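**Student:** Take a look and give me a structure for this.
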Amino acid sequence: MKKVVVIGGGVIGLCTAYYLKKEQCEVTVIDQSNMDFGASYVNAGYISPSHLTPLASPGVVRQGLKWMFNSASPLYIKPRLEKDFLSWALAFNKSCSQENVNRSIKAIKDITLFSGELFEAIKASQDFNFHLEKKGLLVLFQTEAKLEKEEKLMNLGRREGLDVSLLNSNEVARLEPNVRMNVLGAAYYKSDWHSTPQEFMDELKKFLHNEGVNFVKNEKVEDLQMMNGTITSVETKNGSYQADEFVIAAGSWSNLLVKKLGIKLLLQAGKGYRINTLRSTGITLPAILAESNAAVTPMNGYTRFAGTMEIAGINHAIRKERVAAIANAVPKYYPDVLISEEEQLEAACGLRPVSPDGRPYIGKSEKCKNLTFATGHAMMGWSMAPATGKLVSEIILEKPTSIGIQAFHPDRKF
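**Tutor:** The predicted structure follows:
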């Protein structure tokens, strides 16, 4: 039986603990919070094979420069004279290429499809009852320019074997008869699932606790002791934890932790926001509002509106203009769905760990024998979580991995 310490109690860390425990490992999860908030709780709940292209793609830097001085823009990158940020920014700029997109598509598709299957398998077990539906995803557009762009992405999806169709406004209305919509049409991806994150996280924590996983909450890892290329222990203010293997699943804090081992991991925190409404909206299908880059999810008991990517360092400050940008986008597509000021005031945010090329870091670095990375998933953390956990368990137990992982290697060059 291997003894494993997982640093990070978000969805990636918990899914890793889940699959390690299934392999009879002794697992300890250490998290600096009480494990009840953050990106794992405020995301859109998508499991999205339709999201085939990485954030780093052609045109993103040019568009980002246009948006740089608009703090309400969908992608806001705050310039900073910090070495880590500048290194990441240079690598991100280099990664915004068609070559990176081509290299990423199959890897992203494979891990998200695998994750969807694993979500369904977890849900089918008698220990879980969380909300999970495979009703597909609508990408709603209002302009011919977006139609042209979406048609290119649809063709890409079809080449990759995804079931996707183009709908006109009447066909969209037939799919969503209980809410008035103002759209030219939609791309309809039937490959996607959606869920209610809070339910999954609560049930997963309860299951792991009952299975004997040790949770160490509200303790920040302050040091990692390494000897001859092997971690011997992790140190917190209140204790020292030894194990055979260690997993870094600490999200946007992961690069700060591995600095202590002399490992340079290019990573930046990307803040996203969510607004919930408990009022009935009539929305039954998850949707992306294409021109506004916002997400809509009908969750269990409420509707969630989410979005934006704010790369401005590690902080949880709520920027009202970014919340308002999401709220203002909604009635453009759903004229009868208005987000109240009270709902905006109750908005929450989470930090997503963003790698320069839009692919996560999954695997072992050559610089440390008993450390496995599971971080850098950006907006796709929820989509990729069970697959990442399964892959990490296979790596640690030296089993063949269920899918190829070379594209996610933590030592890859930018």
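**Student:** so what's the residue lying farthest from the centre of the chain up against?
**Tutor:** Distance from the C-alpha centroid of the chain, by C-alpha atoms, centre = their mean, peaks at Asn228 (33.8 Å). Not one residue lies near Asn228 by C-beta atoms under 8 Å, 6 or more residues apart in numbering. C-beta coordinates here come from the backbone N, C-alpha and C atoms, glycine included.
**Student:** per-residue confidence at it?
**Tutor:** pLDDT, Asn228: 92.
**Student:** got it, and Trp67?
**Tutor:** 62.
**Student:** ok, now Ser165?
**Tutor:** 96.
**Student:** Likewise for Leu81?
**Tutor:** At Leu81, the model reports a pLDDT of 87.
**Student:** Same question for the one 10 residues further on.
**Tutor:** The predicted local confidence for Ala91 comes out at a pLDDT of 94.
**Student:** element containing it?
**Tutor:** Element membership of Ala91 [criterion: DSSP states H and E] is helix 83-95.
**Student:** residues of that helix that come out buried?
**Tutor:** Across helix 83-95, burial judged by 16 or more other C-beta atoms under 10 Å covers 84-85, 88-89, 91-92, 95.
**Student:** Show me what counts as buried in the next helix or strand after that helix.
**Tutor:** Where DSSP H and E defines the elements, the next helix or strand beyond helix 83-95 is helix 98-124. Buried positions in helix 98-124, judged by neighbour count with 16+ other C-beta under 10 Å: 100-101, 104-105, 107-119, 122-123.
**Student:** Hey, what's the angle from helix 98-124 to helix 83-95? Just curious.
**Tutor:** Helix 98-124 runs at 110 degrees relative to helix 83-95, counting by axes from the mean of the first three to the mean of the last three C-alpha atoms, to 10 degrees.
**Student:** Quick one: the helices in the stretch 201-350 of the chain, in order.
**Tutor:** 254-258, 320-333, 341-345 (DSSP state H, counting those that start in this stretch).
**Student:** Show me the one of these that comes nearest Val164.
**Tutor:** helix 320-333 (19.5 Å; C-beta to C-beta).
**Student:** Mind listing what's buried along the closest one?
**Tutor:** The neighbour-count check on helix 320-333 (16+ other C-beta under 10 Å) flags 322-327, 329-330, 333 as buried.
**Student:** So what touches it?
**Tutor:** Defining contact as C-beta under 8 Å, 6+ apart, one finds that helix 320-333 is touched by 71-74, 76, 140, 142, 181-183, 273, 275, 287, 289, 291-292, 294, 296, 305-308, 310, 337-339, 343-344, 347.
**Student:** Poorly predicted segments of this structure, please.
**Tutor:** By pLDDT under 70, the weakly predicted segments of the chain are 61-71.
**Student:** Contacts for the helix holding Ala91, please.
**Tutor:** Against helix 83-95 from outside (C-beta under 8 Å, 6+ apart): 54, 56, 61, 77, 80, 255, 264, 266-268, 313, 356-358, 414.
**Student:** Put the buried members of those into a PyMOL selection.
**Tutor:** Buried subset of the contacts of helix 83-95, written as a PyMOL selection, criterion 16+ other C-beta under 10 Å:
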select buried, resi 54+56+61+77+255+266+267+268+313+356+357+358+414
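**Student:** In contact with Ser393: list those residues for me.
**Tutor:** Contacts of Ser393 by C-beta under 8 Å, 6+ apart are 16, 19-20, 22-23, 25.
**Student:** Give me the three-state assignment for the residue lying closest to it once chain neighbours are set aside.
**Tutor:** Distances taken as C-beta to C-beta, 6 or more residues apart in numbering put Tyr19 closest to Ser393, at 3.8 Å, once the chain neighbours are dropped. Taken by DSSP: H, G, I helix; E, B strand; the rest coil, the conformation at Tyr19 corresponds to helix.
**Student:** how near is Tyr19 to Leu118?
**Tutor:** 9 Å (C-beta to C-beta, to the nearest Å).
**Student:** again with Ala295
**Tutor:** According to C-beta to C-beta, Ala295 stands 22 Å off from Leu118.
**Student:** now swap in Ser233 and tell me
**Tutor:** Ser233 is 31 Å from Leu118, by C-beta to C-beta.
**Student:** And for Phe200?
**Tutor:** Counting by C-beta to C-beta, the separation of Phe200 from Leu118 is 12 Å.
**Student:** Phe305 too?
**Tutor:** Distance of Phe305 to Leu118, given as C-beta to C-beta: 27 Å.
**Student:** end-to-end on stretch 306-319?
**Tutor:** Distance across stretch 306-319, first residue to last, is 14 Å (C-alpha to C-alpha, to the nearest Å).
**Student:** Now do the buried residues in it.
**Tutor:** By 16+ other C-beta under 10 Å, the buried positions in stretch 306-319 come out as 306-313, 319.
**Student:** Which ones among the residues you listed map onto strands?
**Tutor:** 306-311 (DSSP state E).
**Student:** between those residues, which is nearest Ala250?
**Tutor:** For these, the nearest to Ala250 is Ile311 (17.7 Å; C-beta to C-beta).
**Student:** who does the closest one bridge with?
**Tutor:** Ile77 (DSSP bridges).
**Student:** Quick check: it touching Leu267?
**Tutor:** No. With contacts defined as C-beta atoms under 8 Å, Ile311 does not count as touching Leu267, sitting 10.7 Å away.
**Student:** Now list whatever residues contact both of those two.
**Tutor:** Common neighbours of Ile311 and Leu267 (C-beta under 8 Å, 6+ apart) are Val354.
**Student:** Filter the contacts of helix 320-333 down to the buried ones.
**Tutor:** With burial judged by 16+ other C-beta under 10 Å, the buried subset of the contacts of helix 320-333 is 72-74, 76, 140, 142, 181, 183, 273, 275, 287, 289, 292, 294, 296, 305-308, 310, 337, 339, 343-344, 347.
**Student:** ok, the residue farthest from the centre of the chain to Val234 distance?
**Tutor:** Distance from Asn228 to Val234, by C-beta to C-beta: 17 Å.
**Student:** Off-centre distance for stretch 208-227?
**Tutor:** Mean-position distance between stretch 208-227 and its chain equals 22 Å (C-alpha atoms, centre = their mean, to the nearest Å).
**Student:** about what we covered before: what touches both of Tyr19 and Leu118?
**Tutor:** In contact with both Tyr19 and Leu118: 386, 390, using C-beta under 8 Å, 6+ apart.
**Student:** tell me the secondary structure for Leu162?
**Tutor:** Recorded secondary structure, Leu162: coil (three-state DSSP).
**Student:** The spatially closest residue to it that is not a sequence neighbour: neighbour count?
**Tutor:** Leaving aside its sequence neighbours, Leu162 sits nearest to Ser191 (C-beta to C-beta, 6+ apart; 4.8 Å). Neighbours of Ser191 under the rule other C-beta atoms under 10 Å: 21.
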